[in-house]
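[1] Mind folding the following:
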Amino acid sequence: FLISGMIGVLFLVKKQFKKYLTSRTQYNLWFLLLGVMTVPFLPVSSNFSLFSWIPDFQNVTSPDNPASNTISALNTPVTAVNWMNDFSVSVSSQTPSVIRVILFSIWIIGMLAMILLVLKSSFRLHRIKKSALPLQNRNVQNLYHKCCKELNIVKDIPIYSTAFFTSPVMTGSIKPCIYLPIHLISDYKPETMRYMLLHELQHYRHKDNIANYLMNLAGIVYWFNPLIWLALRSMRNDREIACDIAVLNILDSDQYQEYGYTLINFAEKISLTPFPFSSGLGGTVTQIHARILNIAAYQTPSGINKVRSVILFSIIAVFFLGITPVLTSYTAAN
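    Residues are numbered from 1 along each chain as shown. Model (predicted):
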């Protein structure tokens, strides 16, 4: 419930302060949520609390006094930490063991089903990667190297051609590779291809494939929460928008419209990649529509706006850090 409430807070913040948050900051906000989602599984020692710096928290969960939860909660001001801790202990003590076992079994079965789906998609992706061929088109190769130089990327990222993708895709975190659809190569247009390559290389620069692993892990563990799926979908959309803006930052202002037209012209060909550990140019119709609106309204962020964005992010991060103690296994056990 608390994590679901945090998701609501993030959506509210993004809506109310959108004009003060840069696209990259809006995307980075979701990493706060991913961090909070790991807290319930932290094996915190009974002799040590990650959150001992919070006033009264150490007393409330003191392992030396079994009754300290109730006594200290009565003797200290009512706080969100105290209230949620009492609530979690109360629910834990009143839930019949049979129901716990049933719920735990359902959760494990759901995770196993999700893992099977991910493995199925990964196996399909592996088969496609094995059938791909190294890029042979000299024009595209030269353009690709120019794009790498433009972004100051010195790592040699292999690039392949395949008939099984409908849009450019980057996969791999340790050994990243880019896959270009054959139909895009055969319909080679320098500017269009440049925009697509820049977009995929921005995914590499910002380590988005590592984020894909984290998002898929969150989807597996929290499969039962529809709000998590909504948040992950919004995170993927914000990731693409952040990459779009990163591309616009290196383009001339008279090229913004052309970049937007690239998405429009290929809207029928590109699609949301069904593979779990890859990042692509495509998306759903709704996502592409949102991206085009952001491109159309794009203005180079001012220094003041960047400072506001950092301040807002810091405030939200502190807020999230302040309420995460109630999620720890250490708190629940005491």
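
[2] Find the centremost residue of this protein, please.
    Centrality entry for the chain: nearest residue to the mean C-alpha point is Met235, 4.8 Å, by Cα atoms, centre = their mean.

[3] Confirm for me that that one is in contact with Asn216.
    No - Met235 is beyond contact range of Asn216, at 11.5 Å (criterion: Cβ atoms under 8 Å). Using the backbone N, CA and C atoms, a C-beta is placed for each residue, glycine as well.

[4] Overlap of the contact sets of these two?
    Counting by Cβ atoms under 8 Å, 6 or more residues apart in numbering, Met235 and Asn216 have no contacts in common.

[5] circling back to that earlier point, please point out which parts of the helix or strand hosting the residue nearest to the centre of the chain sit buried.
    Counting by DSSP states H and E, the element that carries Met235 is helix 226-250. Neighbour-count burial for helix 226-250 flags 228, 231-248 (criterion: 16 or more other Cβ atoms under 10 Å).

[6] Repeat that for stretch 2-11.
    Neighbour counts over stretch 2-11 (16+ other Cβ under 10 Å) mark Ile3, Met6, Ile7, Val9, Leu10 as buried.

[7] Next: stretch 127-137.
    Ile128, Lys129, Ala132, Leu135, Asn137.

[8] Find the nearest non-adjacent residue to the fourth one, please.
    So that's Leu135. Ile159 (4.7 Å; Cβ to Cβ, 6 or more residues apart in numbering).

[9] May I ask you to confirm that that neighbour is in contact with Leu180?
    Yes - at 6.6 Å, Ile159 and Leu180 qualify as touching, with contact defined as Cβ under 8 Å.

[10] ok so, going back, what sits against the residue nearest to the centre of the chain?
    Met235 neighbours (Cβ under 8 Å, 6+ apart): Tyr27, Trp30, Ala211, Met215.

[11] Among the residues you listed, name the least confidently predicted one.
    pLDDT across those is lowest for Ala211, at 90.

[12] Can you classify that one by secondary structure?
    Put simply, Ala211 is helix when judged by DSSP: H, G, I helix; E, B strand; the rest coil.

[13] Excluding chain neighbours, what is closest to it?
    Counting by Cβ to Cβ, 6+ apart, the residue nearest Ala211 is Arg239, at 6.9 Å.

[14] which SS state does His179 fall under?
    Just to correct that, residue 179 is Tyr rather than His. strand.

[15] Can you give me every residue that contacts it?
    Ile128, Lys129, Ala132, Ile159, Tyr160, Ser161, Thr162, Phe165, Pro168, Val169, Met170, Thr171 are the contacts of Tyr179 under Cβ under 8 Å, 6+ apart.

[16] If any of the residues you listed are buried, give me the PyMOL selection for them.
    Buried residues among the contacts of Tyr179 (16+ other Cβ under 10 Å), as a PyMOL selection:
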select buried, resi 128+129+132+159+160+161+165+168+169+170+171
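
[17] Relative to Met193, which of the contacts of Tyr179 is nearest.
    Pro168 (9.1 Å; Cβ to Cβ).

[18] any idea of the mean pLDDT for stretch 314-326?
    Per-region confidence: stretch 314-326 scores 82 on mean pLDDT.

[19] about what we covered before: quick one: the residue nearest to the centre of the chain from Ile292, how far?
    19 Å (Cβ to Cβ, to the nearest Å).
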